Structure formats: C-alpha cells, structure tokens
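Enquirer: My questions concern the predicted model and sequence given below.
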Amino acid sequence: PPDKFNAGVMVLRPSKTVFEDMMSRLPNNSTPRRGDSTEACKSYDGGDTGFLNAFYPGWYADMPRYSRLPFGYNAQRFMHHCTYEKQPKYWDHAIDDIRIIHFSSSPKPWQKDAENSSGDNDDRRSYLNEEDASGIRTARKRGELERIWQTAYEESQRYHSKAMRERASARRVDAPRRKAPPPARAAPPPPTRKKQPNAHRMVQTRYKELRKSGMATKEAMTAARAEYGLDRADEGMDPSRAVGQMFGLM
C-alpha cells in the first residue's frame, strides 16, 4: 500500500477529545496537556496531510478497509503530472473511475494565469528531483485533468444560464397581471339652466295674435299683459305708450 494518505478528501466524525489531542501535539504548541508525554507530531510537508499522517501512523493497518477511499476519489493533479508520462497505464486502466479530481499544486485551472503560469512558487517543488520537476513543467500547461475541469466548467455555465432564463420566464408568467386603471370619467357638464321665458316677448306674441283677431290696439295690449301677470306693474302706464315701446317707437 502507499505509505502516506492524502487529506484532500476525508470523512470526519467530530470529536472534542481527538481535537484537543491534536492541538496538544501540534509542532508549535508550547502548552501540551498536563501529564502528556507524547511527542509533537511533525508534518513532513508542512501542512495538514503531513500532520495527520504523523497523528495516525498506523492508519493503514489499524483502520478498517472501508475507511480507505479508492484513488479515484482523490485523483491528484500533482501526482498525475509526476507519473503520467512514466506510467500512463496506471491512470488509463487502473484508475478508470475518477470521482473527484484534486487540483493540488499551482496554478489552479480556474486561475486567469493558469495558461501561462509555470508554478515556480509551488512549495512542493522542493521535494522533487530535476527529472520530475521537468516533467511537471511539460505537463502543466494543459493536461487531461485540466481539460476535464474545463469541460465540466463550461457545462455548468450553460446549465446556470439556462436555469436563470427559465426562472426569469417563470416569474413573468406567475406575476399577477396589473390591470390598467379604468379611464377617468369625464366630469359631467354643468347643468344647463333652462331659459326662463321672456314675459315681454310672450306678451308681444300674444298681442299680435289678439290684433289679428280684430282686437283694438289698446285692448289687445291690456289683455296680453294681463295674461302674463304684467298688468300689476301697469298701474299708471298708458297702454298706447306700452305698444310704442314694444315696437321701439318710444
């Protein structure tokens, strides 16, 4: 079996006791637990993987077989760069069911400068010999695992865009349609006042009718004004003078 496990993909059961034990055995811990003579765990890579391997030195023999995930659940890009040119069959045939790709080392495929970066700042480079480092430089530009990531990324973007369009369309359909407000009714026109009949005009019309019937001028005027109630204002008025005013003669 491999002599080390990688901490990139793990299933953990939280335990305060184990956590406190780990904290007491950190290399830089100056306050170990009282009465604990256990030596600090040194990390061979300066990270969590090295520390956990030191904390669980008997991980392969002491833990049940089902606790060890197949390599396809943590297919490391760093290991792919180091070994693919020498052992392609190991990746093409032995690891034929990749579930999780661990893009260890730098640059990450999602970084903007991933195409041009050489990864010279990668701390793991100090653990490689020149031959392995040269192989990584050759494969780092774009390898098979990077192409898998790019394909998955593009598919996820298309799926996201489609989902956003469908969601926006559903919101438009489900949104209550706002009814247009009814047109404002025009204010009713002010009521027209019926023209009051002009008593003097009616007297004039009636006077003419009486004259045609053969009534004398004075009698016709007196009768017409009496019919429309104007006789009350005629006290002291000469009917002949009223006839002259009606025809504009006075």
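Expert: Noted; the coordinates are in hand.

Enquirer: any idea where the helices of the chain begin and end?
Expert: For the chain, the helices defined by DSSP state H cover 16-24, 48-55, 59-62, 77-83, 88-89, 130-139, 144-174, 199-212, 217-227, 239-246.

Enquirer: could you give the mean pLDDT of the longest one?
Expert: Across helix 144-174, pLDDT averages out at 88.

Enquirer: buried sites along that helix?
Expert: With burial defined by 16 or more other Cβ atoms under 10 Å, the residues of helix 144-174 counted as buried are 145-146, 149. Backbone N, C-alpha and C define where each C-beta goes, glycine included.

Enquirer: confidence score at the closest residue to Met23 other than its chain neighbours?
Expert: Using Cβ to Cβ, 6 or more residues apart in numbering and skipping the chain neighbours, the partner closest in space to Met23 is Asn29 (6.5 Å). pLDDT for Asn29: 73.

Enquirer: Look up how far Ser15 lies from Asn29.
Expert: 18 Å (Cβ to Cβ, to the nearest Å).

Enquirer: and these two? which has more neighbours close in?
Expert: Neighbour totals were compared for Asn29 and Ser15, and Asn29 leads with 13 against 10 (other Cβ atoms under 10 Å).

Enquirer: The more buried one and Phe51 touch, don't they?
Expert: No - counting by Cβ atoms under 8 Å, Asn29 stays clear of Phe51, with 11.4 Å between them.

Enquirer: show me where pLDDT drops low in this structure?
Expert: Counting by pLDDT under 70, the chain has low-confidence residues at 1-2, 30-38, 94-96, 112-129, 131-142, 174-181, 192-197, 232-250.

Enquirer: If we use 90, what do you get?
Expert: Within the chain, the stretches with pLDDT under 90 are 1-12, 27-40, 42, 44-47, 58-150, 167-250.

Enquirer: re the thing from before, ranking the helices of the chain by mean neighbour count, which comes first?
Expert: helix 77-83 (a mean of 20; mean count of other Cβ atoms under 10 Å).

Enquirer: Against which helices or strands is that helix packed?
Expert: The criterion is 3 or more Cβ pairs under 8 Å, 6 or more residues apart in numbering; DSSP states H and E, and the helices and strands that helix 77-83 contacts are helix 130-139, helix 144-174.

Enquirer: possible to save those helices as a markdown table with distance to Ile100?
Expert: Shown next, in a markdown table, are the helices and strands packed on helix 77-83 (distance: least, Cβ to Cβ, whole Å):
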| stretch | distance to Ile100 |
| --- | --- |
| helix 130-139 | 20 |
| helix 144-174 | 11 |
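
Enquirer: how about those, which one is nearest Ala187?
Expert: helix 144-174 (38.1 Å; Cβ to Cβ).

Enquirer: The closest residue to Thr83 other than its chain neighbours and Ala75: what is the separation?
Expert: Leaving aside its sequence neighbours, Thr83 sits nearest to Tyr90 (Cβ to Cβ, 6+ apart; 6.6 Å). Going from Tyr90 to Ala75 by Cβ to Cβ gives 11 Å.

Enquirer: One more: Pro27?
Expert: Taking Cβ to Cβ, one finds Pro27 at 30 Å from Ala75.

Enquirer: out of these two, which sits in the busier spot?
Expert: The neighbour comparison of Pro27 against Ala75 (other Cβ under 10 Å) goes to Ala75, with 22 against 13.

Enquirer: Wait, the more buried one touches Ser104, no?
Expert: No - using Cβ under 8 Å as the test, Ala75 is too far from Ser104 to be in contact (10.0 Å).
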